[in-house]
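S.K.: no sequence for this one, just the structure:
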């Protein structure tokens, strides 16, 4: 097991770095919007998440596959597109990167806006349904542009980043548009606020499975397991 971890350490480091930037830039934009009295704006927050994801996909996809999201890792592993033995190490790297980013933000700004944690603006049922659908769409898109052997590699970063921005723009005001358990867990833990966290730790996994099944239902073909 230790030798396997050493062998895959570049992948784990890439996952930690990518998830760190996602949380640092995205949640940081939420906090800066608060301390600057709205100068970042909702659009700016959505674009911060988009650019962080797109940049990291472009820079790190060739190393780790650029999951940066436990729900992505779980969905790919569930359909044997990713080695099951690497699921827990990837989760640890993703959560570790997210936690470090949340701690960095707390050190810089204090516990502003609960460090950008995700909370429902409407009912828990609406938020759970929305987060499930958002994750399904995101992971379906990821599979189509980054996993399918017929996809153009150059499209992965802008398409995945664009999907994150789209979902954050229209769904962010209701659910926070997390789609990512690590992104929601880290600010909750570091801020000490756990209200409705269960939604963001369960819905993305359900949505991820739906998304990868849709990918297969439409005849998605892969070049092999990563």
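M.R.: Cool, the structure landed. Given the structure is predicted, the values throughout are model-derived calculations rather than measurements. Residues are numbered from 1 along each chain as shown.
S.K.: which residues of this protein fall in strands?
M.R.: Remark: no strands are assigned in the chain by DSSP state E.
S.K.: residues near the residue nearest to residue 90 when sequence neighbours are not counted, how many?
M.R.: With sequence-adjacent residues excluded and distances taken as C-beta to C-beta, 6 or more residues apart in numbering, residue 90 is closest to residue 73, at 4.6 Å. For the C-beta atoms, the positions are set from N, CA and C on the backbone; glycine is no exception. Neighbourhood size, residue 73 [other C-beta atoms under 10 Å]: 25.
S.K.: now do the contacts for residue 73.
M.R.: Residues counted as contacts of residue 73 (C-beta atoms under 8 Å, 6 or more residues apart in numbering) are 67, 82, 86, 87, 90, 91, 94.
S.K.: and for the closest residue to the second one other than its chain neighbours, the neighbour number?
M.R.: Spelled out, it's residue 82. Counting by C-beta to C-beta, 6+ apart, the nearest residue to residue 82 once its immediate chain neighbours are dropped is residue 76, at 3.7 Å. Using other C-beta under 10 Å, residue 76 has 28 neighbouring residues.
S.K.: ok, residue 20 next?
M.R.: For residue 20, the count of nearby residues is 24 (other C-beta under 10 Å).
S.K.: just residue 62 next, same as before
M.R.: Look at residue 62: counted by other C-beta under 10 Å, it has 10 neighbours.
S.K.: scan this protein for its longest helix.
M.R.: Using DSSP state H, we find that the single longest helix of the chain is helix 9-35.
S.K.: list the buried ones in that one?
M.R.: By neighbour count, with 16 or more other C-beta atoms under 10 Å as the criterion, the buried positions of helix 9-35 are 11-12, 14-34.
S.K.: now that helix, how far from the chain's geometric center?
M.R.: Taking C-alpha atoms, centre = their mean, to the nearest Å, one finds the center of helix 9-35 at 10 Å from the center of the full chain.
S.K.: swap in stretch 63-70?
M.R.: Its chain's C-alpha centre and that of stretch 63-70 lie 9 Å apart, by C-alpha atoms, centre = their mean.
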